[in-house]
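Engineer: need coordinates for the following:
(2 chains)
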Protein chains: 2
Amino acid sequence: MTDSAAVGPLLAIGGAEDKFRDRLILRKFVELSGGPDARLTILPTASGLRDAGQRYLGIFEEFGAKSAHVLQVRTREQAFDADYVEQIRASTGVFMTGGNQVRIAAILGGSDVGNALAEAHQRGAVVAGTSAGASVMTGIMVAGGEYGRTPRANLARMAPGLGLIGDAIIDQHFRERDRVARLMTMVSYNPGLLGLGIDEDTAALIHADGCIEVLGAGTVLFVDGQSMVSNVHSRRGGTPLNITNATVHFLTSGSRFDLHTRTPYPSFR
Amino acid sequence: MTDSAAVGPLLAIGGAEDKFRDRLILRKFVELSGGPDARLTILPTASGLRDAGQRYLGIFEEFGAKSAHVLQVRTREQAFDADYVEQIRASTGVFMTGGNQVRIAAILGGSDVGNALAEAHQRGAVVAGTSAGASVMTGIMVAGGEYGRTPRANLARMAPGLGLIGDAIIDQHFRERDRVARLMTMVSYNPGLLGLGIDEDTAALIHADGCIEVLGAGTVLFVDGQSMVSNVHSRRGGTPLNITNATVHFLTSGSRFDLHTRTPYPSFR
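Structural biologist: Next up, the predicted model:
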């Protein structure tokens, strides 16, 4: 049934995106969603704050979206609300705020609203998320973990995400919170996963054909584990890991990466 | 004249090595230098502190070295002192303390003491260094730079080191001071260099045949730039860099790395 050419792009934002100056990334979301034809839904599910999403509402309206609504899906019950499902179905773009990605997955996973979100993605709507909203896009996602600077088995607690994209895992606030070791550790658990470490005010725009564009102020670190060998399977807890043959690419704004061929196309603008 | 089989090992320590408990790394230095036959010289040149080196003296004596001396080479003039040269010539092991690596290079470079140190290495003496004393071992070394979390051209200020090892560049206090971006940037300037990022209380023991052993509590990050492509040549100052196709290996204690073939041999003990 699904026309893969119609699948919408995912805009995974590393958190703390500019909301006061150029607002390049948020502007891009509105543009991709249709600009003056954009019908936008903001999902503040990740956040425990009642007014999460309101600031985005104002910005999206300022950018000239046709409509924008904050959907108060805070409980499992609300995730089956028929009006909310309709709202998602009518949307050309959905924006997930930051907070706790486990809240999103636990509340939306398998629900009517969650299914509507997946369907919206399949029919071409833009799905954007910042911080927790970015991490939740993958099939398996980071859920937390110990802080640490060198790879250790206990650095990453992983959990099921929404599965809008497979074969990848997304970490955010990446260099600001020094999550290199965490991302490396997660990829070592299954080197078939592509690791994306997205800096703040930076985004990976993932097109359905597997082309990933980098935009914003910082860098996306791509960790390609296809040649990786590690001893994560024989280590526990805080024991340091050996991780060998990871291929890494630091890509800045304007660069692209092909998810299928694992090829970087750095921008030389 | 030089018998390459006789060239001594280099013990590059990431700083803050254990001085109170097992003291594994310092013990290894004394062992490699001959144990009860070890005649050791401590070079506190990197440090501005008058008593730098005294603590090592006590530890090396406690480990049963035959002799240990702190050589007060603090000025360019002292670096031509004939007694000091004799002291180095009689040594089976030389230990360079931490401080500022530029002080070591600027005071010892091309001096009689500096040349005696290179000769000692060539004839088989162990040369160890911690922190600044590790970084100074390479031909081009890190001298400082801006702090930063993503690769940028201005992250690394580089300067000539003592050149005991070529084709490599050593950074220290590596994960503790979050120097991943700095090491990546340095390797991007010449991807033929092998980058070694050595954590605190961790060491890379570099044998003359190119086998590098990892020891201690943390990790050595090996950055192999042979497939690396970047735009460092067309970027200035604080502009973020694209760095692609870096191959990285996090190796823990007991692991080895072949400098010539660029092959990691992770320990599975």
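Engineer: who in chain A is up against chain B?
Structural biologist: A:149-151, A:175-176, A:178, A:180-181, A:184, A:199, A:218-219, A:227, A:229-231, A:234, A:240-253, A:255, A:264, A:266-268 (Cβ under 8 Å from any Cβ of the partner chain). For every residue, glycine as well, the C-beta is placed using N, CA and C.
Engineer: of the residues you listed, buried ones?
Structural biologist: With neighbours counted using 16 or more other Cβ atoms under 10 Å in any protein chain shown, the residues of chain A next to chain B contain these buried positions: A:149-151, A:175-176, A:178, A:180-181, A:184, A:199, A:218-219, A:229-231, A:240-253, A:255, A:264, A:266.
Engineer: which ones among those residues lie within helices?
Structural biologist: When those are checked against helices (DSSP state H), the matches are A:Val180, A:Ala181, A:Met184.
Engineer: list the contacts of the residue sitting furthest away from the middle of chain A.
Structural biologist: Note on chain A: the largest separation between a C-alpha and the mean C-alpha position, by Cα atoms, centre = their mean, falls on A:Ser234 (30.0 Å). Each residue near A:Ser234 by Cβ atoms under 8 Å, 6 or more residues apart in numbering or on different chains is listed here: B:Phe268.
Engineer: for it, what are phi and psi?
Structural biologist: Dihedral pair for A:Ser234: phi -120, psi 20, per degrees, to the nearest 10.
Engineer: mind listing what's buried in the helix ranked longest in chain A?
Structural biologist: Secondary structure assigned by DSSP H gives helix A:112-123 as the longest helix of chain A. If you call a residue buried by 16+ other Cβ under 10 Å, then helix A:112-123 has these buried ones: A:Val113, A:Gly114, A:Ala116, A:Leu117, A:Ala120, A:His121, A:Gln122.
Engineer: now do stretch A:18-31
Structural biologist: Those would be A:Arg23, A:Leu24, A:Ile25, A:Leu26, A:Arg27, A:Lys28, A:Phe29, A:Val30, A:Glu31, for stretch A:18-31 by 16+ other Cβ under 10 Å.
Engineer: which secondary structure elements does the helix or strand where the fourth one lies sit against?
Structural biologist: Taking DSSP states H and E as the definition, A:Leu26 sits inside helix A:24-32. Applying 3 or more Cβ pairs under 8 Å, 6 or more residues apart in numbering or on different chains; DSSP states H and E, one finds that helix A:24-32 makes contact with strand A:10-13, helix A:54-62, strand A:93-96, strand A:126-130, strand A:202-206, strand A:211-216.
Engineer: quick check: phi and psi at the residue in the stretch 1-150 of chain A that chain B sits nearest to.
Structural biologist: Of the stretch 1-150 of chain A, the residue with the smallest distance to chain B, taken as Cβ to the nearest Cβ, is A:Arg149 at 3.5 Å. For A:Arg149, the backbone dihedrals are phi -100, psi -20 (criterion: degrees, to the nearest 10).
Engineer: let me know the pLDDT of the closest residue to it other than its chain neighbours.
Structural biologist: Closest residue in space to A:Arg149, ignoring its immediate chain neighbours: B:Arg175 at 3.5 Å, by Cβ to Cβ, 6 or more residues apart in numbering or on different chains. The per-residue pLDDT reported for B:Arg175 equals 91.
Engineer: any chance of CSV for the helices and strands packed on helix A:24-32, columns distance to A:Gly139?
Structural biologist: As requested, the helices and strands packed on helix A:24-32 are arranged in CSV below (distance: least, Cβ to Cβ, whole Å):
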stretch, distance to A:Gly139
strand A:10-13, 13
helix A:54-62, 26
strand A:93-96, 16
strand A:126-130, 14
strand A:202-206, 13
strand A:211-216, 16
